[in-house]
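Enquirer: Sequence isn't available, so here's the structure alone:
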């Protein structure tokens, strides 16, 4: 039996969160992963489409994750500034 098959949703969420937090050039503080079985849903916001893609790819590399769905919105704020111009 595959040991990753027995991972709980909480364990997968923790592992995905850790993986996201370690991504270079991605502010993962606004990304919240939710797990349903072996599927991860990423919710929140990131600065660019590249950050969103990195987050999805990173979540896909966690053992036990079979599918990643992105519900991330783009802020366009590369420097983390507010949305006001």
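Expert: Perfect, I can see it now. Please read these numbers as outputs of a predicted model, since none were measured by experiment.

Enquirer: contacts, neighbours, all on C-alpha from now
Expert: Noted.

Enquirer: Please enumerate the helices of the protein.
Expert: Taking DSSP state H to define them, one finds helices in the chain at 9-21, 49-60.

Enquirer: so what's residue 21 closest to, chain neighbours aside?
Expert: Computed as C-alpha to C-alpha, 6 or more residues apart in numbering, the closest residue to residue 21 that is not its neighbour in sequence is residue 28, at 5.5 Å.

Enquirer: how about CSV for the helices of the chain, with mean neighbour count, distance to residue 70 and mean pLDDT added?
Expert: CSV is the format used below for the helices of the chain (neighbours: other C-alpha atoms under 10 Å; distance: least, C-alpha to C-alpha, whole Å; pLDDT from 0 to 100):
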stretch, mean neighbour count, distance to residue 70, mean pLDDT
helix 9-21, 18, 13, 96
helix 49-60, 19, 7, 97
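
Enquirer: Would you reformat these as TSV and include distance to residue 34?
Expert: TSV is the format used below for those (distance: least, C-alpha to C-alpha, whole Å):
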stretch	distance to residue 34
helix 9-21	6
helix 49-60	11
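
Enquirer: re earlier: burial of the residue nearest to residue 21, as a residue count?
Expert: Counted by other C-alpha atoms under 10 Å, the residues lying close to residue 28 total 22.

Enquirer: Same question for residue 33.
Expert: Residues within reach of residue 33, counting by other C-alpha under 10 Å, total 22.

Enquirer: and if you look at residue 63?
Expert: Counted with other C-alpha under 10 Å, residues neighbouring residue 63 total 15.
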